[in-house]
Every structure is written in C-alpha cells, then in structure tokens.
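*Asks:* dropping a prediction and its sequence here:
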Amino acid sequence: MSTTGFNQYANTNIKDFYLDIANLPTAESLLRGKEPEFITVSPRFQYRLDLLSYSLYQTSNYWWLIFLLNRNQLKDPVRDLRGGMILRVLSLKDVQGIH
C-alpha cells in the first residue's frame, strides 16, 4: 500500500496532550427556567434516540439532550430506550440555542 506522504493533521495545533473530562450539563441546569413536556415513546423509536430527536427537533443532534433529561431511566442511550416509556423532553423553542 502506498501513501501520498500528505498528512491532513500535520498542521493541527495541539493545545494539550491529554484528553479532558467531559463536564456535561445536569438535567436541573437544562430545565432552569423551562417547563418540560412528557411524551410516551412510540415503539418505532425503540433503541433510536437519534430518530426521536429528529421527530421532536428536526435534527438528530439533540439525542444527548433527551438522554441527559432522562438519565434516571436511561443508563445506556441505545439499549434502554423502549416503546411505552414516558420521557421528559423540552419544547423545540426551548432547545434552540443549546449546544
């Protein structure tokens, strides 16, 4: 196998050698000043937080938000989501601006 000799990462600035610890927001901080909604998960979303996120927010990028708001029920973001579960979610208006 030959290579071009070009490394796309050669000029990347390295700020720190070690990876950092993720400081994820808590459900309390995400809910501050917002009123959660409660939904019943349809069987078509079983094991698919990304599809549920897309259905609620028109993007799959907020799957992690649903997970963090429901960590008391979802220990594994994929395997624990089941049809019939009642989850707490935010409205589309409330998630705008959350990154």
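*Replies:* Nice, I can see it.
*Asks:* which stretches in the chain count as helices?
*Replies:* Along the chain, the segments classed as helices by DSSP state H run 27-31, 49-57, 63-69, 92-95.
*Asks:* which one of the ones you listed lies nearest to P43?
*Replies:* Taking C-beta to C-beta, helix 49-57 is the member of those nearest to P43, at 11.6 Å. Bear in mind the C-beta positions are built from the backbone N, C-alpha and C, glycine included.
*Asks:* now the closest one: average pLDDT?
*Replies:* Averaging pLDDT along helix 49-57 gives 97.
*Asks:* contacting residues around the residue nearest to the spatial centre of the chain?
*Replies:* Closest to where the C-alpha atoms of the chain average out (C-alpha atoms, centre = their mean) is W64, at 1.4 Å. Counting by C-beta atoms under 8 Å, 6 or more residues apart in numbering, W64 touches P77.
*Asks:* and the helices of the chain: which comes nearest T40?
*Replies:* Between T40 and these, the tightest spacing by C-beta to C-beta is seen for helix 49-57, at 11.3 Å.
*Asks:* in terms of secondary structure, what does that closest one contact?
*Replies:* helix 63-69, helix 92-95 (3 or more C-beta pairs under 8 Å, 6 or more residues apart in numbering; DSSP states H and E).
*Asks:* 10 Å instead, please
*Replies:* strand 37-40, helix 63-69, strand 86-89, helix 92-95 (3 or more C-beta pairs under 10 Å, 6 or more residues apart in numbering; DSSP states H and E).
*Asks:* of those, which stretch is the most buried?
*Replies:* The highest mean neighbour count among the helices and strands packed on helix 49-57, using mean count of other C-beta atoms under 10 Å, belongs to helix 63-69: a mean of 20.
*Asks:* thanks a lot, see you next time.
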